[in-house]
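Colleague: Predicted model, plus sequence, below.
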Amino acid sequence: MPHTTETKALRGLAELGRRTSGGRDSGDGVVAEMATSVFLPGITALRRSPVIGVLLFIVGVVLPVIVVIRVYTGRDDLIGLALDPTFLLVIAAVGLAAVIARLLAIAEIANAFKRAPGIGSKTAIATLIILTLGSPALWVALRANEARTVVGNVFASGNGDALFEPADPAAGVDPEAVKTILLLGGDAGPGRWGLRTDTMILVTIHEASGRTALISVPRNLTRLRFPPGSPLADRFPDGFDDLANAVFPYVSTHPELVESYGSSGLQPEAVALSQAIGYSLDVQIDDFALVNMQGFTEVIDAVGGVTLELAQSVPLPPSLPGERPLPPSIGPGL
């Protein structure tokens, strides 16, 4: 039987071997496990505590991957996902849980290597790295939670009373009928040449309930498409080569297009633009309404004018030719 002193010496050599070869309490082993846990929490804990390791890996890796896959597969309906309070809550919870899982993984390693040299400083550095790398996830979680609150307030169901009366079947109204009207605001007016539709708004009306939705079409939308077989589709097979608000003047300056699109008796420029927007957005446009600058002033006059209280003087543009003269400025006051 070896002497007691020899036994202690052998144990000391074995312990030194474990430390120098990257064993359980070696500094290199701590750093390696912590670095792994920053990206794959729970992996290094599997051999010490399989249950904890699996849970940390599921929360820190599997759940975020599932959320990313869900967003990717639903990328065609991102607006719908952004307006889903439940999905926003899931994003907030998963983002926060992913960061916490990594912090718990570091804590588990620190406990397992509590006798390793410099374990305190290594734990602090790893924690700082996780919080720094995880700040985007924390920011996303915070923003998702804020968005969930806003969506909940905007789309709150209220006291349960119906916002609109249901359609009366006896009235012969189709409960599924929807009508879409294109509102156009042009910049034409006295003293101006041509017209560009700087304002284009699609108004969709659910006839049975009266509910209405308005969607603004940007005037600088490019590559507007035209229905196959139409005159402009033949000229621009890859889409209109100018901004969307230039369709109107393009048609008006080409007599053959005016004749072709005006065969219905409607304004040809508006017909061409309605077809382009309807085809590009896959929406059936049932009618349109066009108002120019002069028409806009007449609309204001028709509703009795608009009263403004101005805090300071506001300069006015030059008077339109043939219209009532305008003062150089108005205000302050009513």
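Modeller: Structure received. Numbering: from 1, shown residues only.

Colleague: What segments of this protein are helices?
Modeller: All helices of the chain, identified by DSSP state H, fall at 4-20, 27-39, 50-57, 63-73, 78-82, 85-112, 119-133, 135-154, 231-235, 247-252, 255-261, 268-281, 293-302.

Colleague: angle of the longest one against helix 135-154?
Modeller: Read it as helix 85-112. 150 degrees (axes from the mean of the first three to the mean of the last three Cα atoms, to 10 degrees).

Colleague: Would you mind listing the buried residues in helix 85-112?
Modeller: 87-88, 90-92, 94-106, 108-110, 112 (16 or more other Cβ atoms under 10 Å). The C-beta positions use only the backbone N, C-alpha and C, and glycine is treated the same way.

Colleague: Output the below-cut-off pLDDT ranges for the stretch 51-200 of the chain.
Modeller: Applying pLDDT under 70 to the stretch 51-200 of the chain picks out residues 75-83, 148, 150-175, 189-193.

Colleague: try 90
Modeller: Across the stretch 51-200 of the chain, the ranges flagged by pLDDT under 90 are 67-68, 70-96, 98, 109-123, 126-127, 129-178, 186-196.

Colleague: what number of residues lie near residue 318?
Modeller: 9 (other Cβ atoms under 10 Å).

Colleague: Now do the contacts for residue 57.
Modeller: By Cβ atoms under 8 Å, 6 or more residues apart in numbering, residue 57 lies in contact with 40-43.

Colleague: burial count for the nearest residue to residue 288 once chain neighbours are set aside?
Modeller: Excluding its sequence neighbours, the residue lying closest to residue 288 (Cβ to Cβ, 6 or more residues apart in numbering) is residue 182, at 4.3 Å. A count of neighbours around residue 182, defined by other Cβ under 10 Å, yields 22.

Colleague: Tell me the bridge partners for residue 182.
Modeller: residue 202, residue 288 (DSSP bridges).

Colleague: Kindly report the same for the one 4 residues further on.
Modeller: When bridges are called by DSSP bridges, residue 186 pairs up with residue 197.

Colleague: The closest residue to residue 91 other than its chain neighbours: what's it in contact with?
Modeller: Using Cβ to Cβ, 6+ apart and skipping the chain neighbours, the partner closest in space to residue 91 is residue 144 (4.2 Å). Residue 144 is in contact with 88-89, 91-92, 95, counting by Cβ under 8 Å, 6+ apart.

Colleague: Could you measure from residue 144 over to residue 95?
Modeller: 7 Å (Cβ to Cβ, to the nearest Å).

Colleague: Can you list the buried residues in stretch 291-301?
Modeller: 291-295.

Colleague: same deal with stretch 253-262?
Modeller: Residues of stretch 253-262 classed as buried by neighbour count (16+ other Cβ under 10 Å): 254, 257-258, 260-262.

Colleague: quick one: that stretch to chain centroid distance?
Modeller: 40 Å (Cα atoms, centre = their mean, to the nearest Å).

Colleague: can you check stretch 231-238 too?
Modeller: Taking mean C-alpha positions (Cα atoms, centre = their mean), stretch 231-238 and its chain are 32 Å apart.

Colleague: Identify the residues contacting it?
Modeller: Contacts for stretch 231-238 (Cβ under 8 Å, 6+ apart): 223, 225-227, 240, 247, 251, 256-257, 260-261, 272, 276.

Colleague: State whether residue 103 and residue 127 are indeed in contact, as I suppose.
Modeller: Yes. Residue 103 lies in contact with residue 127 (Cβ atoms under 8 Å); the separation is 6.5 Å.

Colleague: check contacts around residue 284.
Modeller: 180, 278.

Colleague: Let me fix that, I meant to ask about residue 197.
Modeller: Counting by Cβ under 8 Å, 6+ apart, residue 197 touches 184-186, 219, 244-245, 247-248, 273, 290.
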